[in-house]
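Visitor: Quick one: sequence plus predicted model below, questions after.
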Number of protein chains: 2
Amino acid sequence: MQPTHADTLDATFSALAHPARRAILARLSSGEASVTELALPFEMTLPAVSKHLKVLERAGLISRGRDAQWRPCRIHAAPLRDVSDWVEPYRRLWDERLDRLEMYLRDLNAQEKQDDNSEPK
Amino acid sequence: MQPTHADTLDATFSALAHPARRAILARLSSGEASVTELALPFEMTLPAVSKHLKVLERAGLISRGRDAQWRPCRIHAAPLRDVSDWVEPYRRLWDERLDRLEMYLRDLNAQEKQDDNSEPK
DNA sequence: ACCATATTTAACCATTAGGTTAAATTAACA
DNA sequence: TGTTAATTTAACCTAATGGTTAAATATGGT
C-alpha cells in the first residue's frame, strides 16, 4: 500500500524546519547541484551537509543521481504540494477578504430566513 | 526589532511536524477548546498535550485565555500564511499546467527572436 | 476553610537531531 | 597502479523532543 500523505507530512515538515535545508531546496529549485556546490554557502562541514541531504531525500524532497564522483541532487516538489494542500484550508483564517465574504454569506442566509418568516403561507 | 518570517519559519515548521499538533490545529480551526477537550482524541496523558500546546504557542500558532479553571485555546493562522508564502514559489515545480505555460512562453519567445531576425531594418 | 476540577510544573527517561573529526568509499586520471 | 577529488560512513558529543508519573498550582463551589 502507498504511504498516505499524512505519513509523509511529518517527514516533510520536519525536513523543512531547518534553515539550511530550506536554503538547499531554494538552490535546487534553479537546477541540479553537487554536494560540494550545495555546501559552499554554509559554514558547516561536508558530512553535516550530507546528513541534511539524507533528511531531504528520506522526505522525498530530493533525489541523488551519479555523474562520476559527483552526486547531482535534484529537487522533487511533490511533498511540497502536500504542504500546500494541508495549509490551504486554513487560508480563510488569515485571509481578510474571505472573512468578509463569509460574513456576507452568513448575513445573506440570515436575511433569507427572515424573509421566510415574513411571508408565511 | 521584529522577528523576521525566516526566524519563525523554523518554529512553525517544526511545530507542524507532529501529527498531534496538526490535529490540535484542525480541531481549533472550528472554534476554541479547553486543554482537556483537546486531549480527548489522543492516548497521550494531559501533560504531554500541555507540552504540545506550549510548542504551538511558542510558534505563535495558538494563544491561551482564561475562563475559570479552563484555559481556552484559540488558533492564530498568521504563521500558516508564512508557510503558504514560502511554499508558493515552488508551485511551478509540481504544477503541470504551469509547466506547460512556461514551455509555451519559452517557445513564444524563441519564435519572436526568429521573427526579429527575419525582418532586419 | 475545604474540596473538586483543570492545568501546569518537576523530575526523569529514551530517542532523535545536528554537529564535529577521522576514516572509508567511489570514480576518474596519469 | 597509485593519486587525487567527491562523497559517505563511523564514532562520538551535546542538546532538544516526546513521552511518562507524581506533585504543585489555580479557580470556583459548598
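Guide: Everything's here; your move.

Visitor: how close does the nearest residue to residue A:49 once chain neighbours are set aside get to DNA strand D?
Guide: Nearest residue to residue A:49, sequence neighbours excluded (Cβ to Cβ, 6 or more residues apart in numbering or on different chains): residue A:39, at 4.2 Å. For the C-beta atoms, the positions are set from N, CA and C on the backbone; glycine is no exception. Noted for residue A:39: a distance of 7 Å to DNA strand D, by Cβ to the nearest atom of the strand, to the nearest Å.

Visitor: what about residue A:39, neighbour count?
Guide: 21 (other Cβ atoms under 10 Å in any protein chain shown).

Visitor: do the same with residue A:55
Guide: 19.

Visitor: and it, helix, strand or coil?
Guide: Of the three states, residue A:55 takes helix under DSSP: H, G, I helix; E, B strand; the rest coil.

Visitor: What residues does it make contact with?
Guide: The neighbours of residue A:55, taking Cβ atoms under 8 Å, 6 or more residues apart in numbering or on different chains as the test, are A:14, A:15, A:18, A:21.

Visitor: out of the residues you listed, who has the most neighbours?
Guide: The most crowded member of the contacts of residue A:55, judged by other Cβ under 10 Å, is residue A:15 (25 neighbours).

Visitor: Identify the residue nearest residue A:78 in space, chain neighbours excluded?
Guide: residue B:94 (5.9 Å).

Visitor: wait, isn't the one you found in contact with residue A:79?
Guide: No. Applying Cβ atoms under 8 Å as the test, residue B:94 and residue A:79 come out as separate, 9.1 Å apart.

Visitor: So for those two, which sits in the more crowded spot?
Guide: residue A:79 (22 against 18).

Visitor: Looks to me like the more buried one is in a strand.
Guide: No. Residue A:79 sits outside any strand when classified using three-state DSSP, being helix.

Visitor: So which of the contacts of residue A:55 is the closest to chain B?
Guide: Among the contacts of residue A:55, residue A:14 lies closest to chain B (Cβ to the nearest Cβ), at 3.8 Å.

Visitor: Helix or strand: which one has that closest one?
Guide: Assigned by DSSP states H and E, residue A:14 belongs to helix A:5-16.

Visitor: can you list the residues that contact that helix?
Guide: Residues contacting helix A:5-16 (Cβ under 8 Å, 6+ apart): A:21-22, A:25, A:55-56, A:58-61, A:79-80, A:82-83, A:85-86, B:9, B:13-14, B:16-19, B:22.
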